[in-house]
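got a structure for you, letters missing:
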């Protein structure tokens, strides 16, 4: 784990405090617990299995009341052993907010920065990516992704060149709808990419059919967006108690229930739920600790949600 600046004791203390705030048991992690890590197949580099998405949640202004809660979110991510932060020019001020706050907190060496190119045309893409690197204060950028495959045939050439020159470390492609999965799969098979980011949740399992196995077979890391189906999973389970058998895979909340289902698929490298609340970030991190559901558990989980 990368704790050059943060001791394990401090991390556990903050996590325990957060658990109290959201009504979870204080004794959540033992001194021997560590968040699960998975390798990026193309290099073997290890990243935490729970990261942070910034769509809407980090699109805020410059005022302290807007930004202070987001500092706590970033600290909870790192204190819990995570490091992946995903953004995009599409996400308003999110890139700049991530760059400003992570620099202010001294977390730059602890984070794995991911963003996207979301425009058409070669020069427009170059200009946008340069702007993103400045906003996030990430040079090189850890992961540059082609957002929703927009003009991907143009941008992929630039990304190959930038990776060769050391301006970016990894290349990725993304989408958020099932109808794009075939296209993502074809690109995985035909191009030399490192990451694919895709919509995947317990009630939206289309990616399991072919895309995730293809990514695994071709050595491509997987980030999953929309893990809560836009919040609909929480609305579906509102007022309901977790089943007792969820304790068999050390699940303590519905959020962890949904994330652990995704992490039980070994093709998934990292889940990136978005939040602007520290207590939710702490709860999300809990999904990366302890056991994962086995195949029998997964069947019961699907039946329960269905």
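Sure, I can see it. Keep in mind that this is a model prediction, so the values were computed, not measured.

got the contact list for residue 229?
Residue 229 is in contact with 201, 203-204, counting by Cβ atoms under 8 Å, 6 or more residues apart in numbering. The C-beta positions use only the backbone N, C-alpha and C, and glycine is treated the same way.

who's in contact with the residue nearest to the spatial centre of the chain?
Centroid check for the chain by Cα atoms, centre = their mean gives residue 272 as the closest residue, at 2.1 Å. Counting by Cβ under 8 Å, 6+ apart, residue 272 touches 51-53, 84, 86, 197, 223-225, 227.

need the pLDDT of it.
Listed pLDDT for residue 272 reads 97.

with residue 34 instead?
On the pLDDT scale, residue 34 gets 85.

distance check, it against residue 46.
In this view, residue 34 and residue 46 are 11 Å apart by Cβ to Cβ, to the nearest Å.

repeat that for residue 90.
28 Å.

hmm, back to that, show me which of the contacts of residue 229 are buried.
Buried subset of those (neighbour count, 16 or more other Cβ atoms under 10 Å): 201, 204.

now, which of the contacts of residue 229 sits nearest residue 265?
Proximity of the contacts of residue 229 to residue 265 (Cβ to Cβ) peaks at residue 201, which lies at 11.6 Å.

phi first, then psi, for that closest one.
Backbone torsions of residue 201, given as degrees, to the nearest 10, read phi -150, psi 170.

pretty sure it contacts residue 257?
No - using Cβ atoms under 8 Å, residue 201 is not in contact with residue 257; the gap is 11.4 Å.

how about the strands of this structure, start to end?
37-39, 46-48, 52-53, 84-86, 112-117, 141-146, 168-174, 195-199, 221-225, 270-271 (DSSP state E).

looking at those, which is buried most?
Ranked by mean neighbour count under mean count of other Cβ atoms under 10 Å, the strands of the chain are led by strand 270-271, which reaches a mean of 30.

how about residues contacting that one?
In contact with strand 270-271 (Cβ under 8 Å, 6+ apart) are residues 38, 47-51, 84, 221-224, 227, 259, 262-263, 287.

ok, now with 6 Å
47, 49-51, 84, 223-224, 227, 259, 262 (Cβ atoms under 6 Å, 6 or more residues apart in numbering).

ditto for stretch 143-153
The contact list for stretch 143-153 (Cβ under 6 Å, 6+ apart) reads 88, 114, 116-118, 120, 155, 159, 168, 170, 172-175, 195.

stretch 299-306 now?
Outside stretch 299-306, the residues within contact range by Cβ under 6 Å, 6+ apart are 202-203, 261.

mind listing what's buried in that stretch?
By 16+ other Cβ under 10 Å, the buried positions in stretch 299-306 come out as 301, 305.

and residue 135, what does it touch?
95-96, 99.

need these in a markdown table (columns: distance to residue 181).
Below are these laid out as a markdown table (distance: Cβ to Cβ, whole Å):
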| residue | distance to residue 181 |
| --- | --- |
| 95 | 27 |
| 96 | 32 |
| 99 | 32 |
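
can you pick the most crowded of those residues?
Ranked by neighbour count (other Cβ atoms under 10 Å), the contacts of residue 135 have residue 95 at the top, with 28 neighbours.
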